[in-house]
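Enquirer: Turn this into a model:
(chains A and B)
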Amino acid sequence: MSDVKRPVLDVRNLHVRFRTSDGIVEAVRGINASVGAGECLGVVGESGSGKSQSFLAILGLLAGNAEVSGRVDFTGTSLLDLSETALNRLRGSRLAMIFQDPLTGLTPHVSIGRQMREIVQTHLHHSVRDADRLCLDWLDKVRIPEAAHRLTQYPHELSGGMRQRVMIAMAMLCEPVLLIADEPTTALDVTIQADILDLMDDLRREHGTALVLITHDMGVVARMCDRVHVMRDGEYVEEGSCEDVFYRAKHDYTKMLLEAVPRIILTGHPAGDVSTGQPMPVKTVLQVRNLCVSYPMQRIWFNRRRELRAVEDIGFDLHAGETLGVVGESGCGKSTLARAILQLIEPSSGSVKLLGHELTTLDKQGLKNFRQQAQIVFQDPLASLDPSMTIGDSIQEPLRVFEPGLHRSVRTRRLAEMMERVGLSWSLVNRYPHELSGGQNQRVGIARAMISMPRLLICDEAVSALDVSIQAQIMDLLRDLQREFGLSLIFISHDLSVIWKLSDRILVMYLGSVVELASRDALFNRPQHPYTQQLVSAVPVPDPQVERKRHRIKLQGELSSPMDAGARLRFLPSRRTQLATDYVPQLNERFPGHFVAEHDPLEQLLV
Amino acid sequence: MLTYALRRLLTTIPVLWVAITACFFILRLAPGGPFDGERPLPDAIRQNLAAHYNLDRSLVEQYLIYLGKLLKGDLGPSFINQDFTVVEQLMIGLPYTLTVGGTAFLLSIVAGISAGILGYMYRNSFPDYLLGIVVLTGLVLPNFLLAPIFQLIFGLKLEWLPVGGWGGGAAVNIVLPVVVLALPHVARISRLTRASMIEVMHSHYIRTARSRGLSKASIIWRHALKPTLTPVVSYLGPAAGFLLTGSLVVETIFGLPGIGRYFINAALNRDYGMVLGTVIFYMILIVVLNLVVDVLYAWLDPRVRST
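Expert: Numbers count the residues shown, from 1 in each chain, chains lettered A, B, ... in the order given. Below you'll find the predicted structure:
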């Protein structure tokens, strides 16, 4: 704990109410919080808890129908009493905010340089040259390569991690005394998340900035925060030091939140617990061999047509009742792989066999029959349901397609059974998707996929959009269904802890290729490939003592573009120098059942 | 950027060709011809005329001859005003049409966008409602009704402006036709701008800009205006088309010597050459304006530029 100083921000009895057509909605009900210089305050809660609204209110950034009351003291100034002009003098200079989605959070039509310069000129009244120097300085500090070039670029030309760094640099330009970060790493991949968190931690130490971190991720809190507030329904239900909240939680909600987070437990034994090994006898449900998917890119004038190789030479077997986790960073081709297996997109080459039948050569009718055996659940539960169909109609639609002769009463019976099975009350049958919560909609998606009794279910980021408590429920449901129906699962996620909880074996993808394929325990306890090692070391662990002592592996370079042929050799730079950029790293079986792509020794790849 | 513009230009060639072909054959499908008057002409004269204008050949041959000439920039002779070629006649009317049409186009853009921004800034208060009413008037009254009403009020009752005529190009003479032409577009553009700006001001990057302490003026001017204009710019291409077709009517009502009048006369008289020539000219103008709009689009949005 930091020594008792006068807090930078002191919030007393803050209320936020919204006037809506349904009457007044109370979003924040009398919260108290304070944060001192160099301190990091965490505010955790699930969606809709009011955690963002309370801090947007402090900065006067809420919509016009909001009413804010209470007392907010910021270094001696009462923020809620300030005029817009007076507030503008503080916002962006002494008090700055970082938002979740760096793509929509930066003006797409204005270059990075102009957006940054504008802030410096507004608050510090620098000349153009001084302003540019300050901007370059900060871009360097947030470790953006080729800073001068970045100034001329537009937000869409940068990667997600870069954009978030720009966002941080913009917030830090005038060296604020208070930085409020609203889910700053939620939209980012784990390795980039780790970098960004390190960066914010460094800034806090070096500049003594007070940091408020709003997040839903207990792992992030464990890593960053000195003190934590747990928020639910507009109120703080628990507050205390990070250790108190994690090890001595008093409120049931806090305990529930902590229990819901999947924890990766490392045993140190690559073989894992032998008694929970695969059930005998092993029957292969899905066999994928040399699967490739490439997209033609638009040709510019007369250049050679280029191809984006989204999935390259992937092969694996999936047994009955087994779960294969597919993990990788955004853009690595996980979803493309799922779609190619289901023949939702046409693979360029390779073979996919379900229950011994080749799928890539099937005609339309054959494909239709096969789809009964293989179903998919998508990430966004609301967007993947037809908004004009009741959920009852959505769930039974596959029955109409696959078993058109079925009598209505049988269909209704099976619908009722399935809804009960996935935990949906029968009273919801005539509701529409927008009337349901995200978790309920995802149950509908699962029921729809399961009603035709498939042998294979692919879950493409099926729990990523859900709050942790709901996430845990859905994962339990999937596991129960699997046990009950002997279902084979392919579970795709960027979240390693979710993958850990569900998978028997794990396939790690990087730029369309497999870098490592092994059983869960082997992969987590004895990761072989540097990329896997980096991923495993970057996952936030919801335990402050473990989290702060951890050693993180940092490799050279960011996630490269799949268009860049040389990027494939990021882990094999020794081959890159030999003029052979086409070389594809080979997959070798290093231990029985443990496949690893060729790579150079880890020491040569570290930053 | 240049590549983009060139590529767009190349794709307009087949569009033009399809349009020309369609016009050519539709015009010939219509009953009657340029030499069908009240009294039928003697057969000998008729045949001579037909031979002179290639009307005795098959339709396909005529079409090919027309296309061949067109490639050399020759729109052929007028069938009624035998002393002039189509190009000559167009050139006589063009300056008038372009002056009125161009001014109306600029007025639509400037007034429309300004009214839209004002509408946003004073949304749901008195100035916004007033603008809404003016705008609605412009939308619901067709130009052939609006023009005489304006002529009555400003020309005859108040005697501020002349009722019609070119008047040697005096500014007062073109005020009424320009306003009548522009009003519906001012209306649409201002509504588009207002709605678009309301949406843009709710976006996350505007919230970021506000959190950086930028003033309202610089947020609207630098961060919100360009994205606001994107849907407005998409409307400008079609708007140019509506302006041109509107100018046919307005020129006739105000007695302006633009090409609109020729077009209507030519259509009534089945003057194949003249009608086709005018249509082709309008088409090229619309295609060019749409191209300008696309380039403008790329200028507004850097994401369009890079694809």
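Enquirer: Can you pull out the low-pLDDT segments for the stretch 1-150 of chain B?
Expert: B:1, B:36-39 (pLDDT under 70).
Enquirer: same question but for the stretch 251-400 of chain A, I mixed them up
Expert: Ranges of the stretch 251-400 of chain A meeting pLDDT under 70: A:268-281, A:297-306.
Enquirer: Smallest gap between the stretch 401-550 of chain A and chain B, at which residue?
Expert: Among the residues of the stretch 401-550 of chain A, A:A465 lies closest to chain B, at 17.7 Å counting by Cβ to the nearest Cβ. Placement of C-beta: from N, CA and C, glycine included.
Enquirer: What about the residue nearest to A:M218 when sequence neighbours are not counted, how many residues nearby?
Expert: Spatial nearest neighbour of A:M218, excluding adjacent residues (Cβ to Cβ, 6 or more residues apart in numbering or on different chains): A:P542 at 3.8 Å. Counted with other Cβ atoms under 10 Å in any protein chain shown, the neighbours of A:P542 add up to 23.
Enquirer: isn't A:P542 right next to A:G219, touching?
Expert: Yes - the criterion here is Cβ atoms under 8 Å, and A:P542 meets it with A:G219 at 4.9 Å.
Enquirer: Between those two, which contacts overlap?
Expert: Common contacts of A:P542 and A:G219 (Cβ atoms under 8 Å, 6 or more residues apart in numbering or on different chains): A:V261.
Enquirer: how about the strands in the stretch 1-150 of chain B?
Expert: Read by DSSP state E, counting those that start in this stretch, the stretch 1-150 of chain B holds no strands at all.
Enquirer: tally of neighbours for the residue in it that chain A sits nearest to?
Expert: Per Cβ to the nearest Cβ, B:T3 is where the stretch 1-150 of chain B lies closest to chain A, at 7.1 Å. B:T3 has 9 neighbours, counted by other Cβ under 10 Å.
Enquirer: do the same with A:V311
Expert: A:V311 - counted by other Cβ under 10 Å - has 28 other residues nearby.
Enquirer: check contacts around it.
Expert: Contacts of A:V311 (Cβ under 8 Å, 6+ apart): A:L291, A:C292, A:V293, A:S294, A:G333, A:T336, A:L337, A:A340, A:P347, A:G512.
Enquirer: Okay, strands next: where are they in the stretch 1-150 of chain A?
Expert: A:9-20, A:23-35, A:40-44, A:66-74, A:77-78, A:95-98.
Enquirer: who wins for proximity to A:G325 among those strands?
Expert: Evaluated over those, closeness to A:G325 peaks at strand A:40-44, with 26.2 Å, by Cβ to Cβ.
Enquirer: Packing partners of that closest one?
Expert: Judged by 3 or more Cβ pairs under 8 Å, 6 or more residues apart in numbering or on different chains; DSSP states H and E, strand A:40-44 is in contact with strand A:23-35, helix A:51-58, strand A:210-215, helix A:218-224, strand A:227-232.
Enquirer: Quick check: the gap between the residue of the stretch 1-150 of chain B closest to chain A and A:L308.
Expert: According to Cβ to Cβ, to the nearest Å, B:T3 and A:L308 sit 21 Å apart.
Enquirer: what's the answer for A:Q473, then?
Expert: From A:Q473 to A:L308 the distance is 37 Å (Cβ to Cβ).
Enquirer: returning to that earlier point: so which of the strands of the stretch 1-150 of chain A gets nearest A:E461?
Expert: strand A:40-44 (22.2 Å).
Enquirer: Identify all contacting residues around the closest one.
Expert: A:33, A:35, A:51, A:54-55, A:201, A:204, A:210-218, A:220-221, A:224-231, A:242, A:257.
Enquirer: in its sheet, what does that strand sit against?
Expert: strand A:210-215 (parallel), strand A:227-232 (parallel) (DSSP bridges).
Enquirer: which residues of the stretch 251-400 of chain A fall in helices?
Expert: Secondary structure of the stretch 251-400 of chain A (DSSP state H, counting those that start in this stretch): helices at A:252-260, A:334-341, A:364-371, A:391-402.
Enquirer: For these, could you give me JSON lines that also reports mean neighbour count?
Expert: Formatted as JSON lines, these follow (neighbours: other Cβ atoms under 10 Å in any protein chain shown):
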{"stretch": "helix A:252-260", "mean neighbour count": "17"}
{"stretch": "helix A:334-341", "mean neighbour count": "23"}
{"stretch": "helix A:364-371", "mean neighbour count": "13"}
{"stretch": "helix A:391-402", "mean neighbour count": "19"}
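Enquirer: Switch those helices over to TSV, and while doing so, append distance to chain B to every line.
Expert: TSV is the format used below for the helices of the stretch 251-400 of chain A (distance: least, Cβ to the nearest Cβ, whole Å):
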stretch	distance to chain B
helix A:252-260	27
helix A:334-341	21
helix A:364-371	33
helix A:391-402	30
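Enquirer: how is chain A carved up into domains?
Expert: A:9-105+A:177-260, A:280-373+A:454-604 (automatic domain parsing).
Enquirer: From B:V249, how far off is A:H494?
Expert: 61 Å.
Enquirer: neighbouring contacts of the host helix or strand of A:R204?
Expert: Per DSSP states H and E, A:R204 falls inside helix A:190-207. By Cβ under 8 Å, 6+ apart, the residues outside helix A:190-207 that reach it are A:38, A:40, A:141-143, A:160-161, A:164-165, A:168, A:172, A:175, A:179, A:181, A:184-185, A:188, A:209-211, A:213, A:220, A:223-224, A:329, A:494-496, A:534-535, A:538-540, A:552, A:554, A:558-559.
Enquirer: hey, where'd the helices end up in chain B?
Expert: Using DSSP state H, the helices of chain B run over residues B:2-29, B:43-52, B:59-71, B:86-121, B:126-140, B:143-150, B:171-201, B:204-211, B:216-218, B:225-254, B:259-268, B:272-300, B:302-305.
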